[in-house]
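>>> generate a structure from the sequence data that follows.
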Amino acid sequence: MAISRTHFSFRPLLLIWVQTERPVLLISPDAGLVGLAGPQGRALSVPSGAGFAAENWLRADGDLVLQKQAADRPGFAGPKAQRRFTLAGWRGVHLRGKGAAEALAAACAQADLVVVAARVAAPPGPCRVIDQGLLRQTGGLALLPAGDDLTLIPARRGTRIWHGKAQAAVALTLHRPQTRLAAGDGP
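Numbers count the residues shown, from 1 in each chain. Below you'll find the predicted structure:
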């Protein structure tokens, strides 16, 4: 049986696409790039590297700028190996480069959330850590504020025919660390 126009309409799909909220924070599968939505468009944590993810994120946002231009937008501050950002009241740090794992303790002392481009055995403090170990299980992550928490939506969700086992579509929730930082501390 053929599907006629009376059975299908593009209009509802278009409305869904237009009304879909883009994630506030995106993390690449290797934690080498973080993208933060802002009033001027998505700001990127680095001007180069992870170009495939950067291009796809910007294109999905309807943004035609280059990665370098998006990295110049407000949203991230600090040196390229330790980029600070704020997400719905959470103070965050994106660590990358050779010293990323070594910088984790200091970053964790100043931030609620640390994205680190390295594998970490255990967080050295009260902060929440997203590392390459977690990302190996989830793929890239999208983060959305949910009250005082953050909802993490993994890229690897749903069942694909080439996977031996079915994967559940699971969203994770990050609760704010119990030890709250003082307003003047951190990034």
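
>>> spell out the secondary structure type for the residue most central in space within the chain.
What sits nearest the mean C-alpha location of the chain, by C-alpha atoms, centre = their mean, is residue 26, with 2.5 Å. Secondary structure for residue 26, judged by DSSP: H, G, I helix; E, B strand; the rest coil, is strand.

>>> in the sheet, who's paired with the nearest residue to it once chain neighbours are set aside?
Among residues not flanking residue 26 along the chain, residue 35 sits closest, at 4.2 Å (C-beta to C-beta, 6 or more residues apart in numbering). Bear in mind the C-beta positions are built from the backbone N, C-alpha and C, glycine included. Listed by DSSP bridges, the beta-bridge partners for residue 35 are residue 26, residue 44.

>>> mind listing what the residue nearest to the centre of the chain touches?
Residue 26 makes contact with 34-35, 42, 53, 57, 140-143, according to C-beta atoms under 8 Å, 6 or more residues apart in numbering.

>>> contacting residues for residue 84?
Here residue 84 is in contact with 76-78, 91-94, 111, 186-187 (criterion: C-beta under 8 Å, 6+ apart).

>>> ugh, typo on my part, it should be residue 85
Contacts of residue 85 by C-beta under 8 Å, 6+ apart are 25, 34, 36, 43, 45, 75-77, 92-94, 187.

>>> could you pull up the mean pLDDT of the helix or strand in which it is found?
When elements are assigned from DSSP states H and E, residue 85 belongs to strand 82-87. Here strand 82-87 scores 97 as its mean pLDDT.

>>> tell me the angle the helix or strand that comes right after it makes with strand 82-87.
On the C-terminal side of strand 82-87, the closest following helix or strand by DSSP H and E is strand 90-95. If you take axes from the mean of the first three to the mean of the last three C-alpha atoms, to 10 degrees, strand 90-95 sits at 150 degrees to strand 82-87.

>>> by contact count, what packs against strand 90-95?
In terms of contacts (3 or more C-beta pairs under 8 Å, 6 or more residues apart in numbering; DSSP states H and E), strand 90-95 is packed against strand 82-87, helix 100-110, strand 113-116.

>>> deepest-packed of those, please.
Of the helices and strands packed on strand 90-95, the one with the most neighbours on average (mean count of other C-beta atoms under 10 Å) is strand 113-116, at a mean of 27.
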